[in-house]
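> model this:
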Amino acid sequence: MSSHFKTTARPTIIDVAEAAGVSKSTVSRVLQGDAASVKPDTRRAVTRAIRKLGYEHNAIASMLRTARTFMVMLITPDIANPFWSEVARGLQDTLERPGYSVVVGNGDQDSERENAFLKTARRNRFDGIAINPTKIHRRTLLATGIPTVILGIRDGFAGLDMVGSDSFQGAFEALTYLYQMGHRRIGFIDGRYVTEQGRARAQAYAEFLKQHNLEPDPSLKVEVPFDRAGGQRGMRVLLSLAHRPTAVFASNDILALAAMQTAQEAGLNVPRDLSIIGMDDIYPTAMTMPGLTTMAKQKYETGCQAARLLLERIEGTALREARRCALPCQLVERGSVAPRS
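Predicted coordinates for the structure are as follows:
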């Protein structure tokens, strides 16, 4: 007894072209997201043919033809922070149109993990890297030979494209807002991964004190890790002062939310007894009691812009000089700040 199996060949790009009544090169441009060179009616015809035939893009064949893997590595310091999930979404949404996939690595502020992800990107011939480096250096990134974009405006990474928020502007405006609300004794919970990180906020704090003729008080500035435990510790230090601050600026919302919780657990009313402002505008800030006043960063747009710069590097259309794109922050007023009584 014999069995007969009928095999059905997978549809090819040629089959799609014939079904849509266009050339193979036109189908290729549609698949690569090159919408500008294809008329809308033609693009719709190609899309209908793809759906009808069940065509699936052959990534391996494309890789052999173009010497690209269409893979990009995103390395973040803490994917649990909602800030990075929004950046990742912007990066992915922009890269998927031209056919790229994004692999996310959580560096966890650990040099071995960051280096391991870089080795993975090299070993698997990734086309690009987007990274917020916390423990690795410029020379290590350049040594990969892979187009790289830095997520964040950082010193010490000359020659590499970078996209991030204008943290100096955001911090200065946050402090100015507290000043306008009558606060003069302002605490600063300064988050840091490594020595260099957080410098823009610290510089803004120093400049703010100088411009407003406020005497610097080292006890009002606390350096902690950029996490919940850091925010709790920072607030406990400030609350232990004999002359406590009337307001606190925290380097990011994770720190600010933890600080606010710690102050409330200590019996303080926020904002009547203590005003708190953060930075980032992650989604939990709108759901606390009170809602957290914060300086919003353009998280999604950061991911989108990083992807666009990376694509230009991958495709060889970027200028030789590295680009530096600093996106402004914007004040979002909620309920955690009140005028000093």
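> now the helices for the stretch 51-200 of the chain?
59-66, 82-96, 111-123, 138-143, 167-180, 199-211 (DSSP state H, counting those that start in this stretch).
> now for those, which one comes closest to Q298?
Within the helices of the stretch 51-200 of the chain, the stretch nearest Q298 is helix 82-96; the backing value is 9.0 Å (Cβ to Cβ). Any C-beta I mention is one placed from the backbone N, CA and C, and that applies to glycine too.
> Buried residues, that closest one. List them.
82-88, 90-92, 94-95 (16 or more other Cβ atoms under 10 Å).
> Can you spell out which helices and strands pack onto it?
Helix 82-96 sits against strand 71-76, strand 101-106, helix 299-315, with contacts defined as 3 or more Cβ pairs under 8 Å, 6 or more residues apart in numbering; DSSP states H and E.
> picking up where we left off before, of the buried residues of helix 82-96, just say which sits nearest to Q203.
Once Cβ to Cβ is applied, the member of the buried residues of helix 82-96 that ends up nearest Q203 is F83, at 21.0 Å.
> The closest one and D280 touch, don't they?
Yes: if you go by Cβ atoms under 8 Å, F83 and D280 touch, sitting 5.0 Å apart.
> For the two, list the residues in contact with both.
252-253, 297, 299 (Cβ atoms under 8 Å, 6 or more residues apart in numbering).
> Can you list which of the residues you listed are found in helices?
Among these, the ones falling in helices (DSSP state H) are 253, 299.
> Let's have the helices of the stretch 51-200 of the chain in CSV, adding distance to Q232 and mean pLDDT.
Converted to CSV, the helices of the stretch 51-200 of the chain look like this (distance: least, Cβ to Cβ, whole Å; pLDDT from 0 to 100):
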stretch, distance to Q232, mean pLDDT
helix 59-66, 46, 51
helix 82-96, 18, 94
helix 111-123, 25, 90
helix 138-143, 33, 90
helix 167-180, 20, 97
helix 199-211, 19, 94
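> Out of those helices, the one nearest V104 is which?
helix 82-96 (6.1 Å).
> circling back to that earlier point, now rank the shared contacts of F83 and D280 by neighbours and give me the top one.
Using other Cβ atoms under 10 Å as the neighbour test, the shared contacts of F83 and D280 are led by D253, with 28 neighbours.
> Quick check: that one vs Q264, distance?
Using Cβ to Cβ, to the nearest Å, D253 is found at 16 Å from Q264.
> Same question for G145.
For G145 relative to Q264 (Cβ to Cβ), the value is 51 Å.
> Looking at those two, which is more packed in?
Here G145 and Q264 are compared on neighbour count by other Cβ under 10 Å; more neighbours surround Q264, at 17 against 8.
> Contact partners for that one?
Neighbours of Q264 in contact, by Cβ under 8 Å, 6+ apart: V270.
> hang on, it in a strand?
No: with DSSP: H, G, I helix; E, B strand; the rest coil as the criterion, Q264 is helix rather than part of a strand.
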